[in-house]
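1. turn this into a structure:
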Amino acid sequence: MDIATLIGLGLGATVLMLGVIVAGLNPLSLVDIPSVLITVGGGLAGTIIANPWETTLGLGKVTRKIFFVEKHDVPNLIVTLVSFSEKARREGLLALEDDVNELPFEFLKKGIQLVVDGTDPELVRNIMETEMGNMGVRHKNGAAFYDALGSLAPGFGMLGTLIGLIAMLQNLGSGDSSAIGTGMAAALITTLYGSLVANYLCIPFVKKLMRRSEDELAMQQIMIEGTLSIQSGDNPRIVKEKLASFLPPAEREVLKDDGGKE
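-> Numbering: from 1, shown residues only. Okay, here's the model as predicted:
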């Protein structure tokens, strides 16, 4: 479970509720079912129209990535690549064939297998970078649902406000001046809902998904550079230093005594 997502959602709900109470409003006065139907229902309908049906069907899997973080042990990955480099220098690239199936990453498996098969280094890079690029596109498409909903919800909120204003104006003929304030408040609730859906949920969700994607792409970039270094027969110490550059300085300490020896 991603603690940052839970803390952010909880903190946001708390401060918003406190703001409503401090302003002297009854929180229940902000609950309006017609406004929910117009803003959220309309936004969802528009979002479904804007995306392929497969994107909507895959929403559960995408949403799971927001709340559950997949741990990437980058230092351990670097240690593995350095050990492969050592073995390849001692015994040759073919010696890695027995280790390929034990790798937990399909992307790295494919790269090492290409190297073992004697594929041209430039072709290895092209194949791996193409797959990495396609994965980035898939991640972007996965986040497209929340991106579209965040764009459309405020618009449907304004649409609900216009509907509320029309209803208010129709009731002006009753002669009850108090109906103006009540009607205006009800009309503005849809704008509130639209802004809330966009800024409290959708935009942060998209940013979280993009961060997840960046982390995974960084892992794959390390795999590409490590694979090509192994193929070129680089000194394991050089391989370690090259791959360690992808880590923040504080995380490089764990690599000081691992690998890199001939």
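
2. can you check the pLDDT for Gly183?
-> Note on Gly183: pLDDT of 68.

3. next one: Pro121
-> pLDDT recorded at Pro121 is 92.

4. heads up, I number from 28, so please use that
-> With the count now opening at 28, the last piece we talked about shows up as Pro148.

5. now the helix or strand hosting Ile75: buried residues?
-> Using DSSP states H and E, Ile75 sits within helix 69-77. Residues 69-71, 73-75 are the ones in helix 69-77 that count as buried (16 or more other Cβ atoms under 10 Å). For the C-beta atoms, the positions are set from N, CA and C on the backbone; glycine is no exception.

6. how far away from the center of its chain is it?
-> How far helix 69-77 lies from its chain's middle: 20 Å, per Cα atoms, centre = their mean, to the nearest Å.

7. can you give the contact residues for stretch 46-66?
-> Identification of contacts with stretch 46-66 by Cβ atoms under 8 Å, 6 or more residues apart in numbering yields 44, 180, 183-184, 186-187, 190-191, 212-213, 216-217, 219-221, 224.

8. most neighbours among those, which one?
-> Highest neighbour count within these: Thr217, with 29 neighbours (other Cβ atoms under 10 Å).

9. quick one: what helix or strand has it in it?
-> helix 205-223.

10. what's the following helix or strand after that helix?
-> Trace forward from helix 205-223 with DSSP H and E and the next one is helix 230-259.

11. run through the neighbouring helices and strands of that following helix.
-> helix 86-94, helix 101-118, helix 133-143, helix 148-197, helix 263-271 (3 or more Cβ pairs under 8 Å, 6 or more residues apart in numbering; DSSP states H and E).

12. what angle separates that helix from helix 86-94?
-> Angle, helix 230-259 to helix 86-94, by axes from the mean of the first three to the mean of the last three Cα atoms, to 10 degrees: 80 degrees.

13. lowest-confidence helix or strand of the chain?
-> Least confident element among the helices and strands of the chain, by mean pLDDT, DSSP states H and E: helix 205-223 (a mean of 80).

14. mind listing what's buried along stretch 266-279?
-> For stretch 266-279, the neighbour count (16+ other Cβ under 10 Å) marks 266-267, 269-271, 273-274, 279 as buried.

15. can I get these in a markdown table including distance to Asp125 and pLDDT?
-> Formatted as a markdown table, the buried residues of stretch 266-279 follow (distance: Cβ to Cβ, whole Å; pLDDT from 0 to 100):
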| residue | distance to Asp125 | pLDDT |
| --- | --- | --- |
| Val266 | 20 | 91 |
| Lys267 | 23 | 91 |
| Lys269 | 25 | 91 |
| Leu270 | 23 | 92 |
| Ala271 | 27 | 90 |
| Phe273 | 27 | 89 |
| Leu274 | 28 | 87 |
| Arg279 | 30 | 78 |
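
16. list just the nearest of the residues you listed to Gly85.
-> Using Cβ to Cβ, Phe273 comes nearest to Gly85 of these, at 29.5 Å.

17. name the SS class of that closest one, please.
-> Following DSSP: H, G, I helix; E, B strand; the rest coil, we place Phe273 in the coil state.

18. my guess is it meets Met250, correct?
-> No: if you go by Cβ atoms under 8 Å, Phe273 and Met250 don't touch, sitting 10.5 Å apart.

19. now do the contacts for the nearest residue to Leu270 once chain neighbours are set aside.
-> When the adjacent residues along the chain are set aside, Leu270 lies closest to Ile105, with 4.5 Å between them (Cβ to Cβ, 6 or more residues apart in numbering). Ile105 is in contact with 249, 253, 267, 270-271, 274, 282, 286, counting by Cβ under 8 Å, 6+ apart.

20. at 10 Å what do you get?
-> 249, 253, 266-267, 269-271, 273-274, 278-279, 281-282, 285-287 (Cβ atoms under 10 Å, 6 or more residues apart in numbering).

21. measure it to Met246 for me?
-> 10 Å (Cβ to Cβ, to the nearest Å).

22. lovely, talk soon.
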